[in-house]
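give the three-dimensional model of this entry:
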Amino acid sequence: MKANPKTVVLYLGMVGFIVLSFSLITSYGARTLRAPDAVGGQYVIESALVAGCFAQPPLLVVGQSGSYLNADIVASDAKKNVLTRALKGNGALNGQVISGKLAVAGSAKLGTCPDKKTVTVDAVINPEGLRGQLKVGSEVSPLTGKLKAEKS
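Residues are numbered from 1 along each chain as shown. A predicted model of the protein is given here:
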């Protein structure tokens with residue numbers, strides 16, 4: 001049985017189109033798509049606004065899924081389930097990381113302070129930790145934090 005030349009040309013054209021399309025999409029993705037910076041973890045933070053609510057410097061616990069963040073500010077001796085809650089996405093603060101800049105906001109109860117307040121954290125992440133500002137209610141304070149070392 002002989003193949004019809006028009007059918008062969010059509011078949012080769014369709015396969016060529018698919019290969020060319022895949023090549024273009026792959027090269028575009030390799031050039032322009034990048035994974036967001038990894039910022040998840042526990043940061044020991046210092047700020048004048050939270051010093052009165054915690055006996056020791058608290059932890060900013062950040063859970064990350066792509067560029068989306070869930071975070072919570074908890075006591076440094078918090079039980080594991082509280083830390084796990086923030087890391088799994090049930091934290092009180094939500095936001096995003098874009099180009100190494102962390103921005104989370106929400107309503108949270110801070111340590112021994114009596115009321116839930118609106119909390120906003122805007123910080124730049126670098127290998128040493130984070131530096132930025134913490135806003136609790138209408139008050140703003142500088143914020144610094146160091147990545148908590150993992151216990152082996």
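
strands of the chain, residue ranges please.
Counting by DSSP state E, the segments of the chain that form strands are 41-46, 59-65, 68-74, 93-98, 101-109, 116-126, 129-136, 139-147.

tell me where the model's unsure across the chain.
Confidence mapping of the chain against pLDDT under 70 gives the ranges 80-91, 150-152.

go again using 80 as the cut-off
Low-confidence segments of the chain (pLDDT under 80): 1, 51, 77-91, 127-128, 149-152.

what residues does stretch 26-35 touch?
Gly66 (C-beta atoms under 8 Å, 6 or more residues apart in numbering). All C-beta spots, glycine's among them, are computed from the backbone N, C-alpha and C.

quick one on the thing from earlier: could the strands of the chain go into TSV alongside distance to Met14 and mean neighbour count?
Output for the strands of the chain, formatted as TSV (distance: least, C-beta to C-beta, whole Å; neighbours: other C-beta atoms under 10 Å):
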stretch	distance to Met14	mean neighbour count
strand 41-46	49	20
strand 59-65	38	22
strand 68-74	39	23
strand 93-98	40	17
strand 101-109	46	17
strand 116-126	48	18
strand 129-136	52	18
strand 139-147	52	16
